[in-house]
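Visitor: just coords:
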Ligand SMILES: Nc1ncnc2c1ncn2[C@@H]1O[C@H](COP(=O)(O)OP(=O)(O)O)[C@@H](O)[C@H]1O
Ligand SMILES: [Mg+2]
């Protein structure tokens, strides 16, 4: 089943007389259950494409549709709700809120969607257990390790059962061992929940965990065999 359709996306940045054509006619579909990685060197436009797919940025031309709804036409309020319901995001840095506990950080997106505090905390607790960080739930982000923070960020991204989980260099800030734990977790949630995943990375080892592999070369998307 087609989830996200990326229709002939171009993205240009202009500075003075120069135009940088970062993305050139990117056109593909993300289907339910896909596990896709996109690899490219630093500056090749990976984050730009991921941000456009996640509606955090707009293309210069082309459009994005989710379940056949054209997202390029929605206003910022509708997009925020769309993201909260349908997408989860994981970045190189965890972006946990420092004044909230790990448990609260994971629960917040569910409360933002209108779930009760009780229900949100129940879901968050289940996720912490699944992610093997339940004993850290009442600690603040500053009190837990980098790997635990990233696992909490994964919990926060998963709590609303997103149609698509986006990850941008998810192991970029972790040591090798911790990075491996996080990659295994992605494989596990793909296998166990059929979670649709789209991961961008400059790291070939990371890109290998995916079932389908793309490369971004000079702004053009190449499907690896
Ligand atoms: N807001 C912006 N204004 C101008 N140029 C930008 C902007 N954002 C990104 N770029 C440029 O677009 C290119 C792709 O950036 P990015 O998507 O961050 O690459 P990657 O994630 O692959 O490292 C880079 O050359 C970067 O400098
Ligand atoms: Mg990037």
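Guide: Yes, it's here. As the structure is a computational prediction, the values presented were derived from the model and not from experiment. Ligands and ions are numbered 1, 2, ... in the order given.

Visitor: only C-alpha atoms from now on, for both contacts and neighbour counts.
Guide: Noted.

Visitor: flag every residue of this structure that's near ligand 1.
Guide: Residues of the chain lying close to ligand 1 (CA under 6 Å from any ligand atom) are 13, 22, 41, 42, 43, 44, 45, 46, 47, 48.

Visitor: how about a cut-off of 5 Å?
Guide: In this structure, the chain approaches ligand 1 at residues 42, 43, 44, 45, 46, 47, 48, judged by CA under 5 Å from any ligand atom.

Visitor: out of the residues you listed, which is most surrounded?
Guide: residue 46 (26 neighbours; other CA atoms under 10 Å).

Visitor: so the closest residue to that residue other than its chain neighbours bridges to which residues?
Guide: Sequence neighbours aside, residue 200 is the residue nearest to residue 46 in space, at 6.2 Å (criterion: CA to CA, 6 or more residues apart in numbering). Residue 200 has these beta-bridge partners by DSSP bridges: residue 38, residue 168.

Visitor: wait, doesn't residue 200 sit right on residue 35?
Guide: No - at 11.2 Å, residue 200 does not count as touching residue 35 under the criterion of CA atoms under 8 Å.

Visitor: possible to save the residues of the chain next to ligand 1 as a markdown table with secondary structure?
Guide: Formatted as a markdown table, the residues of the chain next to ligand 1 follow (DSSP: H, G, I helix; E, B strand; the rest coil):
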| residue | secondary structure |
| --- | --- |
| 42 | coil |
| 43 | coil |
| 44 | coil |
| 45 | coil |
| 46 | helix |
| 47 | helix |
| 48 | helix |
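
Visitor: so which of residue 200 and residue 35 has more stuff around it?
Guide: Per other CA under 10 Å, whichever of residue 200 and residue 35 has more neighbours is residue 200, with 27 against 24.

Visitor: ok, now which ones touch the more buried one?
Guide: 37, 38, 39, 46, 47, 50, 167, 168, 169, 207 (CA atoms under 8 Å, 6 or more residues apart in numbering).

Visitor: I'd assumed residue 166 was in contact with the fifth one.
Guide: No - Residue 47 is not in contact with residue 166 according to CA under 8 Å; the separation is 10.4 Å.

Visitor: other SSEs contacting the helix or strand of the chain with the lowest mean pLDDT?
Guide: One helix or strand of the chain scores below all others by mean pLDDT, DSSP states H and E: strand 69-70, with a mean of 90. Secondary-structure packing of strand 69-70 (3 or more CA pairs under 8 Å, 6 or more residues apart in numbering; DSSP states H and E): no helix or strand packs against it.

Visitor: contact partners of it?
Guide: Contacts for strand 69-70 (CA under 8 Å, 6+ apart): 63, 64.

Visitor: ok, stretch 56-66 next?
Guide: 3-12, 25, 48, 51-53, 70-72.

Visitor: where does pLDDT dip in this protein?
Guide: Flagging of the chain using pLDDT under 70 yields an empty set of residue ranges.

Visitor: for it, longest helix please?
Guide: Longest helix of the chain, by residue count under DSSP state H: helix 176-193.

Visitor: next one: that helix to chain centre, how far?
Guide: Centroid displacement of helix 176-193 relative to its chain, using CA atoms, centre = their mean, to the nearest Å, is 14 Å.

Visitor: could you list the buried residues of that helix?
Guide: 178, 179, 182, 183, 185, 186, 187, 190 (16 or more other CA atoms under 10 Å).

Visitor: any idea how far the second one is from ligand 1?
Guide: What that stands for is residue 179. According to CA to the nearest ligand atom, to the nearest Å, residue 179 and ligand 1 sit 19 Å apart.
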